[in-house]
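Q: the amino acid sequence is not available; the structure is as follows:
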């Protein structure tokens, strides 16, 4: 069951930023992956109900507010990638969810390779 949302929360946008070392979130060259609310909704049951407890569930659990924000770096990026790879085949019936997860996986690999951070922000 998805949590109820207030009218204020419905206007929020969740974004994943790949922040290289020495860069700031506001820098124009920082990659950004927006997460549409529809992607979150369509993937919610797939991720929350079907995936073992892990970083992907932590990432997917909340879309709104401070509880939806997080940062990951180092080995946690590879842990998130592993969680994503485990659920990806189950998402083929939801193309938007599948595409988002593929892009998120790529961001994990890029961030790990440059020793950067994935920063999840709700705006």
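A: Nice, thanks for sending it over. Computed from a prediction, not measured in an experiment: that's the story for all the values here.
Q: hmm, which helix or strand of the protein has the shakiest average pLDDT?
A: helix 37-50 (a mean of 90; mean pLDDT, DSSP states H and E).
Q: helices or strands up against that helix?
A: Contacts defined by 3 or more Cβ pairs under 8 Å, 6 or more residues apart in numbering; DSSP states H and E place helix 37-50 against helix 55-61, helix 75-87, helix 95-113. In short, each C-beta sits where N, CA and C put it, glycine included.
Q: could you measure from residue 108 over to residue 55?
A: Distance of residue 108 to residue 55, computed by Cβ to Cβ, to the nearest Å: 10 Å.
Q: repeat that for residue 20.
A: In this structure, residue 20 and residue 55 are 21 Å apart, going by Cβ to Cβ.
Q: so which of those two has more stuff around it?
A: Applying other Cβ atoms under 10 Å to residue 20 and residue 55 shows that residue 55 carries more neighbours, namely 20 against 15.
Q: leaving out the residues flanking it, which one is nearest to that one?
A: The shortest distance from residue 55 to any residue that is not its chain neighbour, by Cβ to Cβ, 6 or more residues apart in numbering, is 4.4 Å, and that residue is residue 80.
Q: the one you found - how many residues pack around it?
A: Taking other Cβ under 10 Å as the criterion, the count of residues near residue 80 is 23.
Q: what do you get for residue 97?
A: 25.
Q: cool, and residue 71?
A: Close neighbours of residue 71, defined as other Cβ under 10 Å, add up to 12.
Q: contact partners for it?
A: Residues counted as contacts of residue 71 (Cβ atoms under 8 Å, 6 or more residues apart in numbering) are 117, 118, 119, 120.
Q: let's go with 6 Å and repeat that
A: Residues in contact with residue 71 (Cβ atoms under 6 Å, 6 or more residues apart in numbering) are 117, 119.
Q: the helix or strand hosting residue 120 - contacts with which helices or strands?
A: In this assignment (DSSP states H and E), residue 120 forms part of strand 117-122. Judged by 3 or more Cβ pairs under 6 Å, 6 or more residues apart in numbering; DSSP states H and E, the packing partners of strand 117-122 are strand 14-19, strand 70-73.
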